[in-house]
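Trainee: Need a 3D model of the following:
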Amino acid sequence: MSLQKSIEEIELIRESDLLVSKTLGLLAKEIKEGVTTLMLDTIAEEFIRDNNAIPGFLGLYDFPNTLCTSPNSQVVHGIPNDEPLKNGDIISIDCGVLKNDFYGDPQLASSRNQSPSRADFGDIGSPERPLSGCAVDC
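Mentor: Just a heads-up that it's a prediction; the model follows:
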């Protein structure tokens, strides 16, 4: 495989990335207290397959899920589970797709807050608040 891509190949890569972006946008609306990361994983897999793509992480190096989900202090590439999200949780979601023989693999870090301009999940308060606010503002 050549590292140099044609205009057509770049467009196919863009399609893969756009599908990941749409998937993460869908998931961002579903992140709320009581939802589990396993539920988010199911939503993501169905959406990806409905858009004629394959979850990029599922089965890769024996990874068991579509998403890598890492709430709070978990390191990246966490495995979705049935523990409900709580008010104040911060979650990182990593998603990849394989579409048209090209991978898309952007990432989303999110929490939920009352502020419409920020994606905070509940009241995360100090000391995390200054960090999340700075990350959004920058």
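Trainee: Give the other helices and strands that the helix or strand harbouring Glu11 contacts.
Mentor: Glu11 is part of helix 7-30, with elements assigned from DSSP states H and E. Packing partners of helix 7-30 (3 or more CB pairs under 8 Å, 6 or more residues apart in numbering; DSSP states H and E): helix 37-50, strand 90-95, strand 97-99, strand 102-104, strand 107-111. The C-beta positions use only the backbone N, C-alpha and C, and glycine is treated the same way.
Trainee: Quick check: buried residues in that helix?
Mentor: Judged by neighbour count (16 or more other CB atoms under 10 Å), helix 7-30 contains these buried residues: Leu12, Ile13, Glu15, Ser16, Asp17, Leu19, Val20, Thr23, Leu24, Leu27.
Trainee: Just put the residues you listed in TSV and tack on distance to Ile93 and pLDDT.
Mentor: Shown next, in TSV, are the buried residues of helix 7-30 (distance: CB to CB, whole Å; pLDDT from 0 to 100):
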residue	distance to Ile93	pLDDT
Leu12	24	95
Ile13	21	93
Glu15	20	95
Ser16	17	95
Asp17	15	93
Leu19	15	96
Val20	10	95
Thr23	9	95
Leu24	6	91
Leu27	6	94
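Trainee: What does Cys56 show for phi and psi?
Mentor: Rather than Cys, residue 56 is Gly. phi -70, psi -20 (degrees, to the nearest 10).
Trainee: To what extent is it buried, counted in neighbours?
Mentor: 22 (other CB atoms under 10 Å).
Trainee: Can you give me the distance of the nearest residue to it once chain neighbours are set aside to Thr37?
Mentor: With CB to CB, 6 or more residues apart in numbering as the criterion, Gly56 has its nearest non-adjacent residue at 3.0 Å, and that residue is Gly96. As judged by CB to CB, to the nearest Å, Gly96 and Thr37 stand 16 Å apart.
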